[in-house]
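Chemist: below: sequence and its predicted model.
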Amino acid sequence: MAMHLRWLSAGPCWRAVRGACGELRAYGELRAWAPRCAAGRLCRPPGTACREQSRGLGYGPPVGGGSRLRTRLAAGLAGLVGLAAAAFGHVERAEMVRKSSGAQSASPGRPEEEDDELARRCRCFMAPPVTDLRELRRRPDDMKTKMELLILETQAQVCQALAQVDGGARFSVDRWERKEGGGGISCVLQDGHVFEKAGVSISVVHGNLSEEAAKQMRSRGKLLKTKDGKLPFSAMGVSSVIHPKNPHTPTIHFNYRYFEVEEADGNTLWWFGGGCDLTPTYLNQEDAVHFHRTLKEACDQHGPDLYPKFKKWCDDYFFIAHRGERRGIGGIFFDDLDSPSKEEVFRFVQSCTQAIIPSYVPLVKKHCDDSFTPQEKLWQQLRRGRYVEFNLLYDRGTKFGLFTPGSRIESILMSLPLTARWEYMHSPSENSKEAEILEVLRHPRDWVP
């Protein structure tokens, strides 16, 4: 049975919940970054259920190559989440399949489930959870449940904030399923007033990695044993890239994810990964300080050493080796984060998701109406070419997805801008604004103490 999600335009918060006849109904009004649901309930920002501080977040000592193993696994599985994450070109008005929609009507014997806390939270999502609500209710304390709800909240909050800023653009909402297990929700805006292309997508996938895929993710120090040639896994995450039209408004990328892999002996490996980074066309030091300070404040809630470590990791990761420059001015990046405990790392990821909107939306509002010249627009197109080069040549998730049989190409290429440009032997003039940003990209700075 197929149904259609309606379009999300600037203003409304949509309620994706099945009615008596199976329709999906819109509801509520967008209130700044905090939409109100039915009965006037205020949708809380992502992850606000747990705000307590934790200390000592970091890596445990590697045992038997375990850290290297998880790093390789994280790189590969990040690609699998990426390839399942956002179908920009495949917006088919959100075909829904009853068995996996997670929004079934409550049985006559349990009508209270229609208005329990979980159901109320789901009303603010862009679409029903990938996992059936009954399954989520059965395991409320499972990390997979907590992470799925967090990424759904993050997606809804960011989409609603962007729609409001754009002032009339429409997000298409595409709910899809993966035949091997799981699925996702892709929210896509193209050719808006402010944003040329913006996508915020979540995926919740599970199944078995093939032996061939497992070989790509084995550590040099330890042989990963599979059962009957298969490696059971679960992976989920939220991923977004936002390309504004104005060359004075920076591009942002963020991704937060969680993985579980079950080895043949029953041992379960788990880890979190993610980050958030900014790519301006022109350098604005005030913007750079604001962005990095906001991320640092989120990190500092969980330990003073996290921001410096993850900021450097970000600078190193987003390096375009053949150009000798970074993709942008950085942010934070981390992977294989598996200590001191699931709950403490999860709370850190919650803090990071809460920092997305305050770190970026003020910059969009500040610059979206700035005047610009044809030369500045040309430079933006050339810098987008660098963005494409990194993503296609170096990004681990993109490379893994492109070489995975049966992959969803539109999802893998979600991060690419609508337009980009390459010119032969282009070089900016000395002491120009274009040369200024290149100097920062070649020699990263510390923006906050």
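Modeler: Looks like it arrived, so ask away.

Chemist: what are the ranges of the strands in the stretch 151-300 of the chain?
Modeler: Along the stretch 151-300 of the chain, the segments classed as strands by DSSP state E, counting those that start in this stretch run 170-177, 182-190, 195-209, 231-244, 251-262, 268-279.

Chemist: distance to residue 422, mean pLDDT and mean neighbour count for these - can I get that in CSV?
Modeler: C-beta here means a position set from N, CA and C on the backbone, and glycine is covered the same way. Below are the strands of the stretch 151-300 of the chain laid out as CSV (distance: least, C-beta to C-beta, whole Å; pLDDT from 0 to 100; neighbours: other C-beta atoms under 10 Å):
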stretch, distance to residue 422, mean pLDDT, mean neighbour count
strand 170-177, 29, 90, 22
strand 182-190, 22, 92, 24
strand 195-209, 18, 91, 24
strand 231-244, 17, 92, 25
strand 251-262, 17, 93, 24
strand 268-279, 17, 94, 22
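
Chemist: where does the prediction get shaky in the stretch 51-200 of the chain?
Modeler: Counting by pLDDT under 70, the ranges of the stretch 51-200 of the chain that qualify are 51-114.

Chemist: picking that back up, dump the strands of the stretch 151-300 of the chain to CSV, plus distance to residue 299.
Modeler: Output for the strands of the stretch 151-300 of the chain, formatted as CSV (distance: least, C-beta to C-beta, whole Å):
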stretch, distance to residue 299
strand 170-177, 30
strand 182-190, 27
strand 195-209, 22
strand 231-244, 18
strand 251-262, 13
strand 268-279, 11
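
Chemist: residue 369: which of those strands is closest?
Modeler: strand 231-244 (11.3 Å; C-beta to C-beta).

Chemist: who is residue 206 paired with across the strands?
Modeler: residue 234 (DSSP bridges).

Chemist: residues contacting it?
Modeler: Contact analysis of residue 206 by C-beta atoms under 8 Å, 6 or more residues apart in numbering lists 181, 182, 232, 233, 234, 235.

Chemist: how near is the closest residue to residue 335 other than its chain neighbours to residue 147?
Modeler: Leaving aside its sequence neighbours, residue 335 sits nearest to residue 273 (C-beta to C-beta, 6 or more residues apart in numbering; 4.0 Å). Computed as C-beta to C-beta, to the nearest Å, the residue 273 to residue 147 distance reads 12 Å.

Chemist: likewise for residue 161?
Modeler: Applying C-beta to C-beta, the value for residue 161 to residue 147 is 21 Å.

Chemist: these two - which one has more neighbours?
Modeler: residue 147 (27 against 22; other C-beta atoms under 10 Å).

Chemist: now the more buried one. Nearest residue, chain neighbours left out?
Modeler: In space, and not counting its chain neighbours, residue 147 is closest to residue 258: 4.3 Å by C-beta to C-beta, 6+ apart.

Chemist: and the one you found, what is it in contact with?
Modeler: Taking C-beta under 8 Å, 6+ apart, we find residue 258 in contact with 143, 144, 147, 235, 236, 237, 270, 271, 272, 349.

Chemist: recalculate using a threshold of 10 Å.
Modeler: Residue 258 is in contact with 77, 81, 143-144, 146-148, 150-151, 204, 234-237, 270-274, 337, 342, 345-346, 349, counting by C-beta atoms under 10 Å, 6 or more residues apart in numbering.

Chemist: so which residues of the stretch 51-200 of the chain form helices?
Modeler: For the stretch 51-200 of the chain, helices defined by DSSP state H, counting those that start in this stretch occupy the ranges 66-83, 117-122, 133-138, 143-166.

Chemist: for the second one, packing partners?
Modeler: Contacting helix 117-122 under the criterion 3 or more C-beta pairs under 10 Å, 6 or more residues apart in numbering; DSSP states H and E are the following elements: helix 133-138, helix 143-166.

Chemist: tell me which of those helices is the most buried.
Modeler: Across the helices and strands packed on helix 117-122, averaging neighbours per residue (mean count of other C-beta atoms under 10 Å) puts helix 143-166 on top, at a mean of 24.

Chemist: got the CA coordinates for it in PDB?
Modeler: The C-alpha trace of helix 143-166 is given here as PDB (Å, rounded to 0.1, in the frame of the first residue of the first chain):
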ATOM      1  CA  MET A 143      21.500   2.300  22.000                       C
ATOM      2  CA  LYS A 144      20.100   1.600  18.600                       C
ATOM      3  CA  THR A 145      16.700   3.000  19.700                       C
ATOM      4  CA  LYS A 146      18.300   6.000  21.300                       C
ATOM      5  CA  MET A 147      20.400   6.800  18.300                       C
ATOM      6  CA  GLU A 148      17.600   6.400  15.800                       C
ATOM      7  CA  LEU A 149      15.400   8.800  17.700                       C
ATOM      8  CA  LEU A 150      18.300  11.300  18.000                       C
ATOM      9  CA  ILE A 151      19.100  11.300  14.300                       C
ATOM     10  CA  LEU A 152      15.400  11.700  13.500                       C
ATOM     11  CA  GLU A 153      15.100  14.700  15.900                       C
ATOM     12  CA  THR A 154      18.300  16.200  14.400                       C
ATOM     13  CA  GLN A 155      16.900  15.900  10.900                       C
ATOM     14  CA  ALA A 156      13.600  17.500  11.700                       C
ATOM     15  CA  GLN A 157      15.200  20.400  13.700                       C
ATOM     16  CA  VAL A 158      17.700  21.200  11.000                       C
ATOM     17  CA  CYS A 159      15.200  20.900   8.100                       C
ATOM     18  CA  GLN A 160      12.700  23.200   9.800                       C
ATOM     19  CA  ALA A 161      15.400  25.800  10.600                       C
ATOM     20  CA  LEU A 162      16.700  25.800   7.000                       C
ATOM     21  CA  ALA A 163      13.100  26.000   5.600                       C
ATOM     22  CA  GLN A 164      12.400  29.000   7.800                       C
ATOM     23  CA  VAL A 165      15.600  30.800   6.700                       C
ATOM     24  CA  ASP A 166      15.000  30.100   3.100                       C
END
